[in-house]
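Visitor: Mind looking at a prediction? Sequence and model below.
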Amino acid sequence: MRECFEPQFEAMDRAELAQLQLERLQQTLLRVGRNVPLYRKRFAEHDIDPETFADVADLRRLPFTTKADLREAYPYGLFAVPLRDVVRLHASSGTSGKPVVAGYTRNDVKTWSRLVGRVLVAAGAGRDDVVQIALGYGLFTGGIGFHYGAEAVGAAVIPASSGGTRRQIAIMQDYRTTVFVATPSYALHLAETIEAMDVNVNSLSLRFGLFGAETWTEAMRAAIEDRLKLTATDNYGLSEIMGPGVAGECLEKAGMHVSEDHFFIEIVDPATGEPLPDGEEGELVVTTLTKEALPMIRFRTGDMTRIIPGPCACGRTMRRIGRIVGRCDDMLIIRGVNVFPSRIESILLEVEGTTPNYRIVLERKGALDEALVEVEPTEELLFDRVAEHQALLDKLGRRFASELGVGLGVKLVEPGSLARGQEGKTIRVVDRRGIAR
């Protein structure tokens, strides 16, 4: 069996795991039924008594929790503990412009650290490694989540944060980085910069890379491994559930092991909500089993994946999910940042001189995603001076960067020129990135 961070759980007997899941689920349902108004109301509406749950399969009787529920409860309405017991707050962007706020108790932070530690060890990292984290720090969970996990493992941590590619490379050279954590597209961009700087990649100390936060392919994995001379693994997390650490690949690279002692997973048909069998692709639904501050009951992640049947050769007994192949809603992931077309529309409505008729064109130039927003201006602006056009483009560029968290190109097009669908609606997204499964 390959090395585990917590073998007593990661290689747990499946029957014992099922019993542990049931006990933790019962505790969670009792806690949210007592402390969270939304769940207390829903339990009453569906005539559900949490004390009667005798099987995890009974979860299917409960309604889903959605991102809309989180937004409506903004900021603390779904917390199951008093704010005085919350020691950490993170947030992710939402379609309405309001962030989804995630809270953590002291125990939540300790659990989070251990679960990210599991992912790191499964991917090859250990206490002798130097881990360079090139994910953003701050309200985004990625950077700090991996930081705490690496410290739990006992590795040396370099909190490099995102961007500054030449600086990242200098750090790799000088500090002898052995484990690199980033988005896959940024890893390829870094590889291109290494080549442009004429740095011999074989002179680096890189051994392993953990990549996630956006969709990527086996072809991208092969390119990263070839150009950075490391072993690349996939991992999964989301702020509403915890952040990184929900699941991660081992060195078999045969799917991401879910920490099922902390998360109960389902795959459902995104259209009907009905459960799907193992191996069939659908929407991932997660119920937290140990989260104290922000428990989630049947949370619809919007992420499309499948449960991989059968055991893994590594010896871990936790079930695995396949690569996230996309979203079942309209969210786009650009350079690891969630971008909703509806948010772009709301910004356009606030800026004088533009109409809500727009199109997002996505392309991959080199290793990085590029997004261009084509906008139909008002008729009045169309006949204004070129200087006025440029001022509008600059203003939109700044608004997109500050409010969406990623730079988008902007282009003005003639009114009525954007392609319409059969119902007369503007085709909002043209994806030319060629992402294959």
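Guide: In hand now; what should we look at? Remember, it's a predicted structure, so these values are computed and weren't measured experimentally. Residues are numbered from 1 along each chain as shown.
Visitor: Which residue comes closest to residue 257 once chain neighbours are left out?
Guide: Spatial nearest neighbour of residue 257, chain neighbours left out: residue 318 (4.5 Å); criterion: C-beta to C-beta, 6 or more residues apart in numbering. The way it works is simple: take the backbone N, C-alpha and C, and place the C-beta from them, glycine included.
Visitor: same check, this time on residue 199
Guide: In space, and not counting its chain neighbours, residue 199 is closest to residue 169: 6.3 Å by C-beta to C-beta, 6+ apart.
Visitor: Mind giving me the packing neighbours of the helix or strand hosting that neighbour?
Guide: Using DSSP states H and E, residue 169 maps to helix 165-175. Counting contacts by 3 or more C-beta pairs under 8 Å, 6 or more residues apart in numbering; DSSP states H and E, helix 165-175 packs against strand 130-133, helix 184-196.
Visitor: elements contacting the longest one?
Guide: Contacts defined by 3+ C-beta pairs under 8 Å, 6+ apart place helix 184-196 against helix 165-175, strand 208-211, helix 218-228, strand 368-377.
Visitor: In space, what's closest to residue 301 - neighbours in sequence excluded?
Guide: Once flanking residues are discounted, residue 301 sits nearest to residue 284: 4.7 Å by C-beta to C-beta, 6+ apart.
Visitor: for that neighbour, phi and psi?
Guide: Main-chain dihedrals, residue 284, degrees, to the nearest 10: phi -80, psi 130.
Visitor: Name all residues that make contact with it.
Guide: Contact criterion C-beta atoms under 8 Å, 6 or more residues apart in numbering gives 265, 266, 267, 301, 303, 304, 305, 321, 324 as the residues in contact with residue 284.
Visitor: From the contact counts, what lies against the helix or strand harbouring the fifth one?
Guide: It stands for residue 303. Per DSSP H and E: residue 303 is located in strand 299-305. Counting contacts by 3+ C-beta pairs under 8 Å, 6+ apart, strand 299-305 packs against strand 231-238, strand 282-288, strand 326-327.
Visitor: do that again at 7 Å, thanks
Guide: When contacts are defined as 3 or more C-beta pairs under 7 Å, 6 or more residues apart in numbering; DSSP states H and E, strand 299-305 sits against strand 282-288, strand 326-327.
Visitor: List the strands paired with the last one, with their directions.
Guide: With DSSP bridges as the test, strand 326-327 is paired with strand 299-305 (antiparallel).
Visitor: next one: the longest one
Guide: Paired strands of strand 282-288, with direction, are strand 263-268 (antiparallel), strand 299-305 (antiparallel) (DSSP bridges).
Visitor: for the first one, the distance to its chain's centre please.
Guide: The reference is to strand 263-268. The chain centre lies 16 Å from the centre of strand 263-268; the measure is C-alpha atoms, centre = their mean, to the nearest Å.
Visitor: For it, C-alpha coordinates in PDB please.
Guide: This file holds the C-alpha atoms of strand 263-268, laid out as PDB (Å, rounded to 0.1, in the frame of the first residue of the first chain):
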ATOM      1  CA  PHE A 263     -18.100  14.100   2.900                       C
ATOM      2  CA  PHE A 264     -21.000  12.000   1.600                       C
ATOM      3  CA  ILE A 265     -21.200  12.200  -2.100                       C
ATOM      4  CA  GLU A 266     -23.900  11.600  -4.700                       C
ATOM      5  CA  ILE A 267     -24.100  11.900  -8.500                       C
ATOM      6  CA  VAL A 268     -27.400  13.100  -9.800                       C
END
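Visitor: pLDDT of it, averaged?
Guide: The average pLDDT for strand 263-268 rounds to 98.
Visitor: Now the element after the worst-scoring helix or strand of the chain on mean pLDDT, going C-ward?
Guide: The helix or strand of the chain with the poorest confidence is helix 379-382; it has a mean of 68 (mean pLDDT, DSSP states H and E). Per DSSP H and E, the first helix or strand lying C-terminal to helix 379-382 is helix 386-404.
Visitor: how far does that following helix sit from the chain's center?
Guide: Taking the mean of its C-alpha atoms, helix 386-404 sits 28 Å from the chain's own mean (C-alpha atoms, centre = their mean).
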